[in-house]
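1. Structure, please.
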Amino acid sequence: MKELEVRQLRYFVAVAEELHFGRAAERLDMAQPPLSRAVRELERQLGVLLLKRTTRQVTLTPAGRVLLQDARTALDAISAAGRRARHAGETTPRLRLALKADIDGGLLPRILDAYAGEEAALPVELVLGPFGEQAQAVRDGRADAGLLLSPFDDRGLDYEPLVTEPFLVAMAAADPLAAQPCLRLADLAGRSLPGGSPADQGVAPGAHGSAGARDHQPSPAGNDAPAASEARSASDLPEIFRLVELGSMVCFFPASVAWRYPRPEIAYRPVSDLEPATLAVAWSQASHSAAVAAFVRAAVTVAAAAQPEAGNTTNGS
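-> Numbers count the residues shown, from 1 in each chain. Modelled structure (predicted):
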């Protein structure tokens, strides 16, 4: 059988993720007919049907689902190989650390100080991004290591847990639910998280702090909440806090974030049946870097020393 080409995998992944040839072609900046021909040729080459096509929808077959997962892994590995080669050839090597600003359990300054004392330490470059992007940044080589908040997609990654703390739900202080000292997920029915997922479904990988709202619901806290289009534009903590204050959404935050950012317009409440948040340091399974190993050692050592402090981060306002 003819070997698969990177181009074929990119075409297939675009169609498999969009489940629409027109949108996939637009994403790839190409016309739809050659994209359709390329996918049909890929199916002919493999001898299996990857997609079920009707006049109304496109769906993945079992073979298509398997190829989608493996193709993503292969494309990540190809991207990572190129990036790591470029990084290795830099005049001044650096360690790139992926994280979401403020989601470090309060440990980052101490980790960086401890890491600087390691013999194999390199200058650290922070790779900041929205919630949920950190695992992918490590997989595709944009970062050498990452501080990741659970739950996250651990495909291709090794990781060490650092600190575990409760998730708290942040809501407008005027929300009727704020009168309760402790909530259950079912109490959050009808409210949306940033990203649009229903709050009563809990925390999905990467979804607890991603910005945006899928469907705007009338606010329990009042009628002045912004429209969904405004909610979708939120991209950092100040914007998300403002939308929470206005009752446009609720959001799950680790207790350490609530402790560091008390706001009179926001109530933080524990959710008894929500799994706790675990901050982990992660790196690629393919990594053999002494600098990465030194960073992991520093992070684990600092986190172990900080454990007695964890109880101080669990008080909401």
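2. In this structure Arg142 contacts Arg86, no?
-> No. Using C-beta atoms under 8 Å, Arg142 is not in contact with Arg86; the gap is 11.0 Å. Using the backbone N, CA and C atoms, a C-beta is placed for each residue, glycine as well.
3. neighbour-wise, which of these two wins?
-> Under the criterion of other C-beta atoms under 10 Å, the comparison of Arg142 against Arg86 puts Arg142 first, with 19 against 10.
4. what residues are up against the more buried one?
-> Shown in contact with Arg142 (C-beta atoms under 8 Å, 6 or more residues apart in numbering): Arg83, Arg96, Ala98, Val127.
5. Okay, now the unreliable bits of the stretch 101-250 of the chain?
-> Applying pLDDT under 70 to the stretch 101-250 of the chain picks out residues 204-235.
6. Now Val300. Nearest residue, chain neighbours left out?
-> Once flanking residues are discounted, Val300 sits nearest to Glu160: 5.4 Å by C-beta to C-beta, 6 or more residues apart in numbering.
7. just checking, that neighbour is part of a strand?
-> Yes. Glu160 forms part of a strand when assessed by DSSP: H, G, I helix; E, B strand; the rest coil.
8. what about it, distance to Asp102?
-> 21 Å (C-beta to C-beta, to the nearest Å).
9. For these two, work out which one has more neighbours and name it.
-> For Glu160 versus Asp102, the count of surrounding residues by other C-beta under 10 Å is larger for Asp102: 17 against 13.
10. where does that one land in three-state SS?
-> Secondary structure assignment for Asp102 (three-state DSSP): coil.
11. ok, now Ala25?
-> Ala25 - assigned by three-state DSSP - is helix.
12. can I assume it is in contact with Ala38?
-> No. Taking contacts as C-beta under 8 Å, Ala25 lies outside contact range of Ala38: 10.3 Å.
13. Tell me, domain by domain, which residues of the chain belong where.
-> Domain ranges of the chain: 6-83, 90-165+277-313, 167-270, per automatic domain parsing.
14. Just the terminal-to-terminal distance for the first one.
-> If I follow you right, that is domain 6-83. Using C-alpha to C-alpha, to the nearest Å, the end-to-end distance of domain 6-83 comes to 16 Å.
15. For it, the averaged confidence score.
-> Confidence over domain 6-83 (mean pLDDT, whole number) is 92.
16. how about the residue nearest to Val300, what does it touch?
-> By C-beta under 8 Å, 6+ apart, the neighbours of Glu160 are Ala280, Val281, Val296, Ala299, Val300.
17. got TSV for those residues, with secondary structure, pLDDT and neighbour count too?
-> What follows is the contacts of Glu160, written out as TSV (DSSP: H, G, I helix; E, B strand; the rest coil; pLDDT from 0 to 100; neighbours: other C-beta atoms under 10 Å):
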residue	secondary structure	pLDDT	neighbour count
Ala280	strand	96	23
Val281	strand	97	25
Val296	helix	97	22
Ala299	helix	97	26
Val300	helix	97	16
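18. So Gly141 sits against Ala88, correct?
-> No. Taking contacts as C-beta under 8 Å, Gly141 lies outside contact range of Ala88: 10.7 Å.
19. Which residue comes closest to Val138 once chain neighbours are left out?
-> Excluding the flanking residues, the one nearest Val138 by C-beta to C-beta, 6+ apart is Gly146, at 4.6 Å.
20. ok but that neighbour is inside a helix, no?
-> No. Read with three-state DSSP, Gly146 is strand and lies in no helix.
21. who's in contact with it?
-> Gly146 neighbours (C-beta under 8 Å, 6+ apart): Leu97, Ala98, Leu99, Val127, Gln134, Ala135, Ala137, Val138, Val281, Ala282, Trp283.
22. among those, which are in strands?
-> If you go by DSSP state E, the contacts of Gly146 have Leu97, Ala98, Leu99, Val127, Val281, Ala282, Trp283 in strands.
23. Mind listing the residues bridging to the fourth one?
-> Going back to what we said before, that points to Val127. Per DSSP bridges, the residues bridged to Val127 are Ala98.
24. Verify the stated contact: it with Arg96.
-> Yes. Contact criterion C-beta under 8 Å: Val127 and Arg96 qualify, at 5.2 Å.
25. Need the overlap of contacts for the two.
-> Common neighbours of Val127 and Arg96 (C-beta under 8 Å, 6+ apart) are Arg142, Ala143.
26. Gly141 and Ala88: who's more crowded?
-> Gly141 (22 against 9).
27. Quick check: the gap between the residue most central in space within the chain and Ala299.
-> By C-alpha atoms, centre = their mean, the chain has its centre lying nearest to Gly132, at 0.6 Å. When distance is defined by C-beta to C-beta, Gly132 is 20 Å away from Ala299.
28. Pick out whichever of the contacts of Arg142 sits closest to Asp113.
-> Set against Asp113, the nearest of the contacts of Arg142 by C-beta to C-beta is Arg96 (18.4 Å).
29. who's in contact with the closest one?
-> Counting by C-beta under 8 Å, 6+ apart, Arg96 makes contact with His87, Val124, Glu125, Val127, Arg142, Ala143, Asp144, Ala145.
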